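K.L.:
Output the structure for:
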Amino acid sequence: MRVLFVASAGVGHAFPMVSLARAFVAAGHEVLFATTGEGLAVGEAGLPVADVSPGMNRSVMIAKLRAEHPELVRAMQAGRIGDLRETAELIGVMVRLQVDGVIEVARSWKPDLVVQSQAQHTGLICAGALGIPLVEHNFGLVRATGLDETLREQLADVFAKHGAELPERRTTLDVAPPSMVDTPVGRPLRYVPYNGAAATPGWLAEPPLRPRIAVTLGSVAPKETGIGPVQRILALAGEIDAEFVLALGAVDPGPLPANVRGTGWLPLNALLPTCAAIVHHGGAGTTMTALDAGVPQLVLPSGSDRYVNAAGVHARGVGIAAEESEVDSVLLTRLLTEESLRIEAAAVRAELRALPAPATVAAELVEWAS
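P.N.:
Here you go, the predicted structure:
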């Protein structure tokens, strides 16, 4: 079987699908990622990639969104998720940027199944144009359902151009811990983190001398809202008996206190098993990787779905949601010492590990799509 994975220009949409793609490959199937921009980094996982929109990246995409729907973008970045029609308007802009390239690749490669990242919906049109089944792969706690019919209406010209209708067979893969969402959707799938390829430093294999706290803002938030939360942590670090590890990629935070280690880009799935806690921005990939590692989280949300993730972490008792201005030594000490956070984080980790593995789900999808 040939499986085409479709993701937009961002690692946050491409990386969560890597474990399932690898499961298909391990079972003897062929896979291809159709993506662009930052999403092309999925090739570092050893998976074939097609650039469906050369020159496109997340910055270009956001500029296009802001030009066409400035109010909706401001609302999204403030954490106000719109209704179906507003959400579909934003998704429609992204679809138009890469749908022609995706379908061109698909018609040439001839997949038997399309797997699209949650709420991207370029895969929806692609599967409809080719008359093959569609799988939507979600990546966190946000529920994105009921958009297909609205998008079919708003993108009628795109559907007509490619001779597409809504696929007859569709299913969803849900990686969220059932105890953290009101309504599980579709087929459960264990979230197996993939956070990029990088050599791990030698010190990571050594037991930390004191509790270690990871600090990250992901790959998107620093460009949108800056590194204010990190600067606040640096100002407080000397008051906390802990080692802080900054996983900030290419961001330079300036001089570091003695108990703060800067690492550049470091995959969280390698770092977090050595940590007692994590402070982060609320990105879906970071939130889910922390849940998989079973470490308490301090979430400082900065836009879009990050507020949903922060609220879910807080409500389940696996961490604390706060505003940047609320971060002080008391809150950081609580993150390290509150026993209930560790107990609940361990419980959710066990819940995630009990979900069907990617290999199991890949086999089920082959049977379902055949």
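
K.L.:
For the rest of this, base every contact and every neighbour count on C-alpha atoms.
P.N.:
OK.

K.L.:
how many other residues sit next to residue 199?
P.N.:
Neighbour count of residue 199, defined by other CA atoms under 10 Å: 9.

K.L.:
can you check residue 31 too?
P.N.:
Neighbourhood size, residue 31 [other CA under 10 Å]: 22.

K.L.:
In the sheet, which residues pair with it? Tell me.
P.N.:
For residue 31, the beta-bridge partners under DSSP bridges are residue 3.

K.L.:
State whether residue 171 and residue 136 are indeed in contact, as I suppose.
P.N.:
Yes - assessed by CA atoms under 8 Å, residue 171 is found in contact with residue 136 at 6.4 Å.

K.L.:
So which of the two has more stuff around it?
P.N.:
residue 136 (24 against 16).

K.L.:
secondary structure class for that one?
P.N.:
Assigned state for residue 136: strand (three-state reduction, DSSP: H, G, I helix; E, B strand; the rest coil).

K.L.:
quick one: it from residue 147, how far?
P.N.:
Note on residue 136: its distance to residue 147, by CA to CA, to the nearest Å, is 12 Å.

K.L.:
separation between the closest residue to residue 88 other than its chain neighbours and residue 52?
P.N.:
Spatial nearest neighbour of residue 88, excluding adjacent residues (CA to CA, 6 or more residues apart in numbering): residue 151 at 5.8 Å. Here the distance between residue 151 and residue 52 works out to 21 Å (CA to CA).

K.L.:
what do you get for residue 209?
P.N.:
Counting by CA to CA, the gap from residue 209 to residue 52 is 47 Å.

K.L.:
Compare neighbour counts for these two and give me the winner.
P.N.:
In this view residue 209 and residue 52 are compared by other CA under 10 Å, and residue 52 has more residues nearby, 25 against 8.

K.L.:
wait, what's in contact with that one?
P.N.:
Contact analysis of residue 52 by CA atoms under 8 Å, 6 or more residues apart in numbering lists 34, 35, 36, 98, 100, 101, 102, 105.

K.L.:
Next step: those residues restricted to strands.
P.N.:
Assigned to strands by DSSP state E, the following of these qualify: 34, 35.

K.L.:
Looking at the contacts of residue 52, which one is closest to residue 236?
P.N.:
Ranked by distance to residue 236 (CA to CA), the contacts of residue 52 are led by residue 36 at 39.1 Å.

K.L.:
correct me, but that closest one touches residue 54?
P.N.:
Yes - with contact defined as CA under 8 Å, residue 36 and residue 54 form a contacting pair (6.7 Å).

K.L.:
More neighbours: these two, which one.
P.N.:
Neighbour totals were compared for residue 36 and residue 54, and residue 36 leads with 29 against 12 (other CA under 10 Å).

K.L.:
any idea how far residue 27 is from that one?
P.N.:
26 Å.

K.L.:
likewise residue 232?
P.N.:
From residue 232 to residue 27 the distance is 47 Å (CA to CA).

K.L.:
next one: residue 99
P.N.:
Taken as CA to CA, the span from residue 99 to residue 27 is 29 Å.

K.L.:
Counting neighbours, go ahead and name the busier of these two.
P.N.:
When neighbours are counted by other CA under 10 Å, residue 99 comes out ahead of the other of residue 99 and residue 27, with 22 against 12.
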